[in-house]
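[1] Below is the sequence, then the predicted model.
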Amino acid sequence: MHPLLTKEAEKRLLLLGNEAIVRGALEAGLGFATTYPGTPSSEIGDSLFRIAGESDLYFEYSTNEKVALETAAGAAVSGVRSMCSMKHVGLNVAADPLMTLAYVGVRGGMVVVTADDPSMFSSQNEQDNRIYARLSNLPMLEPASAQEAKEMTKAAFDISEALELPVLLRTTTRLSHHRGIVTTGPLEPSATKGAFEKDSRRFVTVPANARLRHKVLLARGEKARDMACQSPFNTVTGAGPWGVATSGMAYNYVADAIKDLGIEDKVRILKLGFTYPFPEKLAVDFIRSVEKILVVEELEPVLEESLKVTAQSNRLITPIAGKGADLFSRLYEYHPGMVREVAARFFGIDYSPPTPIDVKEDPEPVELPMRPPNLCAGCPHRATYYAVNSVLKETRTEAVFPTDIGCYTLGILPPLQTADFLICMGSSVTSAAGISRVTDRKVIAFIGDSTFFHSGITGLVNAVHNKHKFILVILDNGTTAMTGHQPHPGVEITPAGWDKPSVSIEAIVRACGVEQVAVVSPINLAKTKHAVKEALEANKLSVIVAKAPCPLYERRMLHRKPKRAFIVGPECNTDCTECVDTFGCPALYKNPAPDAETTMIIDENLCIGCGVCIQICKKIRPKKA
Amino acid sequence: MDKYRVCFTGVGGQGTLLATMVLAEASIHAGHHVLASEVHGMAQRGGVVESTVMIGDIKSPIISEGEADVLLGFEPVETYRAMRKCSADSVVISNTVPVMPYSVAIGKGSYPEVDKLFAFIESRVRKLVTLNAQAMAEEAGSVLSANVVMVGALARSGVLPVPREAFEETIRTKTKAAFVEANLRAFDLGFGAL
């Protein structure tokens, strides 16, 4: 049984923030859940995927976040408690339905989880999705611990039903990926069937109806504001002349800092968990109760500006500070030492931070080698990139490489360097159209299979219709590899009991109207190069589907042992380094042994026997059994 | 001292996250309040993986510069790279076996002399313990259990208020059944290494 399905209440579990969210939803009787995977939100969907296999819960990996949100909304308007989780930029994709779903509202509780990524551990930007609460006029909850993540998720369903509005639950990477002790509550059975009761005046947003619904939304916002003022998630603790206002993970840094600085008897803390609508009454009382306020929140000054507006409307001149020189930054994740230091400065406390060991003081300074992540040994993406690069070299062609989001973005690194432009999911196909049109250069765009389903198809239809000329290479490794091997509609290697049909990428590409289509295995370099050459010569829109399973996924799903490793023959004793200069498989590198007999060596533990390198260099051969 | 901050660093694939989980669960078993933090996403792709465990009355799950009580380094260069997490009061436990960064493997950049890295660390921190976790893991019967060897050395260091039995119980109940025996042997060898 999945550990999150334990029926035992009052059990203490060490849970990831994301797992705590799942447990909270299960305690609320979640019946329907959707997601598109994305760090740092992925473990929510992955846990629900496994749980759905053992319970009545319906769960799906949807093709993108907009699809996921609308699908979950369909269940929620039919009275079933539903949840939709995504990373912060996913909510951009789902923003269109979110804005108007707010107008029509829901019947069964609906929770939308948005996981922000301050510091961009695994993202293309660090936008602050608290601003979506204001933009959509939807309530937002922000947990500060794993226990709160569970409690707030559970409460969010009740709040959602009381207001008939979807509720946003906002986490950050640190909240999602920290582990804390969570005490379980009773588990509710999943109610998975509802009824759609027609009410077109409410649910069909033609302008005449939408005008009425906007009014309803604002009225509910006022009710929500009252709820926020009464919410147990919004507290004022401590006593003293100074104030600190905070929310989310930053609360923990504040609590530790105040203790470490020994100013517990001087500080009152306004800790907000139900952060939107802004609990104005609570805030006014807080502002009145202190001499000055330090606002501690990661990213944008959302709470700070709300407090300042509240102070102004109530004619209060209490100094309120958060972002600024000598204060907090709008950049990156915070940490406890930083909060301690700023708080000490703001409140005038003597404080000297601990002295970290500085390796620059090493009397024999060391240049540390970097360790960037790399495509795995045997990764088919490397073979595709190699094939493209070698054809370009042979034909003396220069190309621009719009790329997309997934493992294959690592093609940016040398020696492959096949990434020139990337802004978001799907942007490879569409930016390729613009770049090729105005530069007259060869453009070769790369997109992964899951990303193609997510948001590549509409761009391809556009390219066909508007007669754009570029090559699109679809890197089809049969899974959503980067985020942990989630299935997508084209998946062919499937878990036991999987009964969903596979949607063919090739058929979609042809149906879009692309005439020049090749499907190749990148493991066969000659055929892949041939397809690239043909595409370059055709000088029109063409698609190459480079199809070979992710070796990690294949091994995990099929329990397949790696194939026989390859070795370097004794004739590899020259100063030729072409393999590492152009291909760069981590299993193949310069022989470090001082008395090395070969220039290169293959690490037999890393080599999975894909056999691409033997097509590059004749000095490499299979290891004899 | 009633608060302990433990920093783990290593390379994707070395099992730092399992070691993190074992320490966190063992600390709970010993009756402590615990928090942990992990970095996901790049863990399988040869990048640096850092994680933390906080024991005691601490709310923040991450460690600022100079605040690690213990640094458990699974790879010499990564131990050295993480030195800013440590202060003169820190205890550092490091594996001695390098994992070559790919840049070094292809001759772009060089791997520093491990002894020199350790000499600097030893001159600056309260205590440095080094061990060949890979050799011990092989002796225990599974190269994959080098991470548990490291946990054994951490348990023996006596810095943390977590008894040996709590670790062993965690290994028995929370690691994969097929590896429990090898893991217990690995823990034992790591424990005896100091």
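    All right, it came through fine. Numbers count the residues shown, from 1 in each chain, chains lettered A, B, ... in the order given.

[2] A:E367: neighbouring residues, count only.
    8 (other C-beta atoms under 10 Å in any protein chain shown). (Each C-beta comes from the backbone N, C-alpha and C, glycine too.)

[3] List the contacts of the nearest residue to A:G406 once chain neighbours are set aside.
    Nearest residue to A:G406, sequence neighbours excluded (C-beta to C-beta, 6 or more residues apart in numbering or on different chains): A:G448, at 3.8 Å. Listed by C-beta atoms under 8 Å, 6 or more residues apart in numbering or on different chains, the contact partners of A:G448 are A:D404, A:I405, A:G406, A:C407, A:Y408, A:I474, A:L475, A:D476, A:N477, A:T480, A:A481, A:M482.

[4] could I have the helix or strand of chain B with the lowest mean pLDDT exported to CSV, CA atoms only?
    Lowest on mean pLDDT, DSSP states H and E among the helices and strands of chain B sits helix B:102-105, with a mean of 87. Taking C-alpha atoms only, helix B:102-105 is exported to CSV below (Å, rounded to 0.1, in the frame of the first residue of the first chain):
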residue,chain,number,x,y,z
TYR,B,102,33.5,15.1,-17.3
SER,B,103,35.5,18.3,-18.0
VAL,B,104,38.5,16.6,-16.4
ALA,B,105,37.9,13.3,-18.1
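
[5] thinking again about what came up before, do you know how far the residue nearest to A:G406 is from chain B?
    15 Å (C-beta to the nearest C-beta, to the nearest Å).

[6] in a helix, that's where A:P594 is, yeah?
    No - counting by DSSP: H, G, I helix; E, B strand; the rest coil, A:P594 is located in no helix; its state is coil.

[7] Keep only those of the contacts of A:G448 that are in strands.
    A:I474, A:L475, A:D476 (DSSP state E).

[8] tell me which of the residues you listed is nearest to A:S329?
    Comparing the ones in strands among the contacts of A:G448 against A:S329 with C-beta to C-beta places A:L475 closest, at 36.7 Å.

[9] Show me the beta-bridge partners of that closest one.
    Note on A:L475: beta-bridge partners by DSSP bridges are A:G448, A:A546.

[10] what about the residue nearest in space to the middle of chain B, which SS state?
    The residue lying closest to the centre of chain B (C-alpha atoms, centre = their mean) is B:L72, at 3.2 Å. Under the three-state scheme (three-state DSSP), B:L72 adopts strand.

[11] quick one: pLDDT of A:K561?
    Looking at A:K561, its pLDDT is 79.

[12] Wait, B:F118 touches B:T130, no?
    Yes - using C-beta atoms under 8 Å, B:F118 is in contact with B:T130, at 5.8 Å.

[13] So the two - more neighbours on which side?
    B:T130 (21 against 18).

[14] ok, that one to A:Y132 distance?
    49 Å (C-beta to C-beta, to the nearest Å).

[15] Wasn't A:A156 part of a helix?
    Yes - per three-state DSSP, A:A156 lies within a helix segment.

[16] Got the phi and psi for the residue in chain B that chain A sits nearest to?
    Across chain B, the shortest distance to chain A (C-beta to the nearest C-beta) belongs to B:S64, at 2.8 Å. Main-chain torsions, B:S64, degrees, to the nearest 10: phi -80, psi 170.

[17] Can you report how many residues neighbour it?
    23.

[18] shouldn't it be in contact with A:E341?
    No - between B:S64 and A:E341 there is no contact under C-beta under 8 Å: 9.1 Å.

[19] contacting residues around the closest residue to chain B within the stretch 251-400 of chain A?
    Of all residues in the stretch 251-400 of chain A, the one sitting closest to chain B is A:G337 (2.8 Å; C-beta to the nearest C-beta). By C-beta under 8 Å, 6+ apart, A:G337 lies in contact with A:P353, A:P354, B:S64, B:E65, B:G66, B:E67.

[20] hmm, which of those are the buried ones?
    Neighbour-count burial (16 or more other C-beta atoms under 10 Å in any protein chain shown) applied to these gives B:S64, B:E65, B:G66, B:E67.

[21] Just the CA atoms of the lengthiest helix in chain A, as CSV, please.
    Longest helix of chain A, by residue count under DSSP state H: helix A:207-230. The C-alpha trace of helix A:207-230 is given here as CSV (Å, rounded to 0.1, in the frame of the first residue of the first chain):
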residue,chain,number,x,y,z
PRO,A,207,-20.5,38.8,-22.4
ALA,A,208,-23.9,39.3,-20.9
ASN,A,209,-23.3,36.5,-18.4
ALA,A,210,-19.6,37.3,-17.8
ARG,A,211,-20.6,40.9,-16.7
LEU,A,212,-22.8,39.4,-14.0
ARG,A,213,-20.2,36.8,-13.0
HIS,A,214,-17.5,39.4,-12.6
LYS,A,215,-19.7,41.1,-10.0
VAL,A,216,-20.3,37.8,-8.3
LEU,A,217,-16.5,37.2,-8.2
LEU,A,218,-15.8,40.5,-6.5
ALA,A,219,-18.6,39.9,-3.9
ARG,A,220,-17.1,36.5,-3.1
GLY,A,221,-13.7,38.2,-2.9
GLU,A,222,-15.1,40.3,0.0
LYS,A,223,-16.4,37.2,1.7
ALA,A,224,-13.0,35.6,1.2
ARG,A,225,-11.3,38.6,2.7
ASP,A,226,-13.4,38.1,5.9
MET,A,227,-12.4,34.4,5.9
ALA,A,228,-8.8,35.4,5.6
CYS,A,229,-9.1,37.7,8.6
GLN,A,230,-10.6,34.9,10.6
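
[22] In chain B, what residue spans correspond to strands?
    Taking DSSP E as the criterion, chain B carries its strands at B:3-11, B:34-37, B:48-56, B:68-73, B:86-95, B:127-131.
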